[in-house]
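A.B. asks: Pasting a predicted model and its sequence here:
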Amino acid sequence: MEYQKQLQRIKDGSGFIAALDQSGGSTPKALENYGVSGDEYDNDEAMFDLVHEMRVRIMTCDCFDNERVLGAILFEDTMDREVNGKPTANYLWEDKNIVPFLKVDKGLAEQMSGVQVMRPIPNLDALLDKAQNYPVFGTKMRSVIYEPSVDGIELVVQQQFDVAKQIISKGFMPIVEPEVDINSDKKHECELLLKTNLLHNLERLADDKQVMLKLTLPEESGFYQELIDHPKVLKVVALSGGYSRSDACEKLKQNPGMIASFSRAFTEGLSKQQSDKEFSDTINTSIDEIYKASKV
């Protein structure tokens with residue numbers, strides 16, 4: 001019942017998906033950008049306490065509203081914690097009508113063939129079983145493409161879809177994220193190969209199944225329209241990938257039908273030292289700019 005409501009919300013609602021899923025490797029940088037230096041914590045537990053405080057501050061802000069925010073991607077540690085006395089996913093869905101997603105990958109393997117595939121996820125079934133205790137709608141997992149390598153890109157997309165099928169079988173909507181590095185000097189060539197592989201794997205997906213796609217904003221405007229219109233794709237969302245919020249939003253406007261799922265660009269300008277009003281004004285500006293770019 002909840003899944004169907006969430007499905008309709010993602011399919012028909014307007015807004016964007018906030019990526020609040022920085023994990024072990026990316027949390028120190030996220031905290032540094034937030035004005036928390038590494039000498040303010042001395043272990044992972046303290047680090048995750050601090051980043052959860054930041055996320056709670058965002059999620060409980062009045063401007064973090066369901067008129068502009070469709071969903072939020074959480075890290076497992078965040079799902080296990082509470083916001084205002086409720087499990088995080090329950091708070092988002094029940095109090096905010098914002099659809100929760102869960103990051104499930106365990107980071108990236110070493111680069112080979114111009115790509116980084118995902119590390120193995122040996123406990124995926126157990127993690128999905130745990131997520132079933134909460135109103136989690138879908139999952140997210142990330143790979144990275146650096147070079148237009150036919151074999152490498154095929155490997156990335158095949159792995160993503162193999163894991164996506166496992167996730168679908170557990171009753172969740174997978175977000176497939178084969179990121180193309182924005183600094184690649186052959187970015188468009190990578191995107192051409194990626195789109196071909198995505199279309200090939202979508203054709204092999206059962207007719208009654210769907211995935212979501214999270215893609216780097218393309219070099220060519222409207223490049224992913226065929227994927228946006230594909231019956232087996234629920235939604236195509238865009239990652240910011242290191243672009244500033246301003247640049248990412250401008251690029252997003254050139255790709256109607258894509259919506260944002262920004263992380264760094266979403267939290268740009270936020271600081272632990274800000275007063276509640278300054279913090280609220282900053283996040284409201286970010287939400288508004290990203291929402292408007294996602295509506296085009």
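C.D. replies: Sure, I can see it.
A.B. asks: Any idea how many residues pack against the closest residue to residue 104 other than its chain neighbours?
C.D. replies: If the residues on either side of it in the chain are set aside, residue 104 comes closest to residue 139, at 4.6 Å by C-beta to C-beta, 6 or more residues apart in numbering. Where you see a C-beta, it was placed from the backbone N, CA and C, and this is true even at glycine. Neighbourhood size, residue 139 [other C-beta atoms under 10 Å]: 27.
A.B. asks: For residue 139, what are phi and psi?
C.D. replies: According to degrees, to the nearest 10, the main-chain angles of residue 139 amount to phi -130, psi 170.
A.B. asks: doesn't residue 255 make contact with residue 224?
C.D. replies: Yes. Taking contacts as C-beta atoms under 8 Å, residue 224 lies within contact range of residue 255: 6.8 Å.
A.B. asks: Overlap in contacts, the two.
C.D. replies: Listed as contacting both residue 224 and residue 255 by C-beta atoms under 8 Å, 6 or more residues apart in numbering are residue 218.
A.B. asks: in the protein, what residue sits furthest out from the centroid?
C.D. replies: residue 39 (28.6 Å; C-alpha atoms, centre = their mean).
A.B. asks: Residue 32 versus that one, what's the distance?
C.D. replies: Residue 39 sits 11 Å away from residue 32, going by C-beta to C-beta, to the nearest Å.
A.B. asks: Report the beta-bridge partners for residue 82.
C.D. replies: residue 87 (DSSP bridges).
A.B. asks: tell me, how many neighbours does it end up with?
C.D. replies: Residue 82: 13 neighbours (other C-beta under 10 Å).
A.B. asks: Surely it touches residue 91?
C.D. replies: Yes. Contact criterion C-beta under 8 Å: residue 82 and residue 91 qualify, at 7.5 Å.
A.B. asks: contacting residues for the residue nearest to residue 104?
C.D. replies: With C-beta under 8 Å, 6+ apart, residue 139 has these contacts: 101, 102, 103, 104, 128, 131, 167, 172, 173, 174, 175.
A.B. asks: same question, residue 4
C.D. replies: By C-beta under 8 Å, 6+ apart, residue 4 has no neighbours at all.
A.B. asks: name the element it belongs to?
C.D. replies: helix 2-12 (DSSP states H and E).
A.B. asks: what pLDDT, on average, does that helix get?
C.D. replies: Average pLDDT, helix 2-12: 97.
A.B. asks: The lowest-mean-pLDDT helix or strand in the chain - contacts with which helices or strands?
C.D. replies: Every helix and strand in the chain was compared by mean pLDDT, DSSP states H and E; the lowest is helix 27-33, with a mean of 89. With contacts taken as 3 or more C-beta pairs under 8 Å, 6 or more residues apart in numbering; DSSP states H and E, helix 27-33 sits against helix 44-59, helix 264-267.
A.B. asks: now with 6 Å?
C.D. replies: Judged by 3 or more C-beta pairs under 6 Å, 6 or more residues apart in numbering; DSSP states H and E, helix 27-33 is in contact with helix 44-59.
A.B. asks: buried ones in the helix it packs on?
C.D. replies: Neighbour-count burial for helix 44-59 flags 47, 48, 50, 51, 52, 54, 55, 56, 57, 58, 59 (criterion: 16 or more other C-beta atoms under 10 Å).
A.B. asks: now the residues you listed in JSON lines, with distance to residue 116 and pLDDT?
C.D. replies: Output for those, formatted as JSON lines (distance: C-beta to C-beta, whole Å; pLDDT from 0 to 100):
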{"residue": "47", "distance to residue 116": "24", "pLDDT": "92"}
{"residue": "48", "distance to residue 116": "24", "pLDDT": "91"}
{"residue": "50", "distance to residue 116": "28", "pLDDT": "93"}
{"residue": "51", "distance to residue 116": "23", "pLDDT": "92"}
{"residue": "52", "distance to residue 116": "27", "pLDDT": "94"}
{"residue": "54", "distance to residue 116": "27", "pLDDT": "95"}
{"residue": "55", "distance to residue 116": "26", "pLDDT": "96"}
{"residue": "56", "distance to residue 116": "31", "pLDDT": "97"}
{"residue": "57", "distance to residue 116": "32", "pLDDT": "97"}
{"residue": "58", "distance to residue 116": "28", "pLDDT": "97"}
{"residue": "59", "distance to residue 116": "30", "pLDDT": "98"}
